[in-house]
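**Student:** Fold the stuff below for me.
(2 chains)
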Amino acid sequence: SQKIEQNSEALNIQEGKTATLTCNYTNYSPAYLQWYRQDPGRGPVFLLLIRENEKEKRKERLKVTFDTTLKQSLFHITASQPADSATYLCALNTGFQKLVFGTGTRLLVSP
Amino acid sequence: DTGVSQNPRHKITKRGQNVTFRCDPISEHNRLYWYRQTLGQGPEFLTYFQNEAQLEKSRLLSDRFSAERPKGSFSTLEIQRTEQGDSAMYLCASSSSPRGQETQYFGPGTRLLVL
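**Tutor:** Down below sits the predicted model:
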């Protein structure tokens, strides 16, 4: 069956450290993968998109890697801040128009 | 603000009533999507429009659900004879369609509670 797995348990880190979130998928062949941030009661906010032929993408303190052999994406936030506390969702485009989302990982950054 | 807007933001209704939600996409976007999200889960795809044409519907979209985008701009999602299981956040997203790019921009959502 097709699955997208993200750590269901919250990730707690201290301010200034690097947060690393994992997205694993099975039985998908995504054309690209996207990461979104979602705050409670709000809609997801787009962060980064990485295509299947790209290994890594960066934007300010954010970095995404995409390994189509391992079927895994890693999302890194360097020099994390309490304001980075949110739920982070990975989503796959499979060549069709819809996004298929993981369940999200909640990140808590403590001062 | 030129982002995606949704109305109402919150809706409480009694079981069996009909509800309608509206989504106004980013003005230059020709693609519009509806998703549903329940607590602790990621958004689940419901349906997708390109301009005014509804091109894909999920199995989640039962006969009680209908969506329209009559002029290729705003869209409405109607749920008839609501059930308690319909309680969720309903999200709308939009995108443009340059080849090879599919970033979807989401609205704030409409939270539905069916009593």
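**Student:** lowest average confidence, helix or strand, in chain B?
**Tutor:** Within chain B, confidence by mean pLDDT, DSSP states H and E is lowest for strand B:53-57 among all helices and strands, at a mean of 90.
**Student:** could you dump whatever helix or strand comes next after it to PDB, C-alpha only?
**Tutor:** Later in the chain than strand B:53-57, the nearest helix or strand by DSSP states H and E is strand B:65-68. Output for strand B:65-68, consisting of C-alpha atoms alone and laid out as PDB, is shown next (Å, rounded to 0.1, in the frame of the first residue of the first chain):
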ATOM      1  CA  PHE B  65     -20.500  16.800  -1.400                       C
ATOM      2  CA  SER B  66     -20.500  19.000  -4.500                       C
ATOM      3  CA  ALA B  67     -18.100  21.600  -5.600                       C
ATOM      4  CA  GLU B  68     -18.400  24.300  -8.300                       C
END
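**Student:** What sits closest to the residue in chain A positioned nearest to chain B if chain neighbours are left out?
**Tutor:** Proximity of chain A to chain B (CB to the nearest CB) peaks at residue A:101, 3.1 Å away. In short, each C-beta sits where N, CA and C put it, glycine included. Excluding the flanking residues, the one nearest residue A:101 by CB to CB, 6 or more residues apart in numbering or on different chains is residue B:42, at 3.1 Å.
**Student:** any residue of stretch A:13-28 up close to chain B?
**Tutor:** No. Stretch A:13-28 stays clear of chain B (CB under 8 Å from any CB of the partner chain), getting no nearer than 10.7 Å.
**Student:** Would you mind pulling the contact partners of that stretch?
**Tutor:** The contact list for stretch A:13-28, computed with CB atoms under 8 Å, 6 or more residues apart in numbering or on different chains, reads A:1-7, A:11, A:33, A:35, A:70-82, A:84, A:88, A:90, A:92, A:94, A:100, A:102, A:105, A:107-111.
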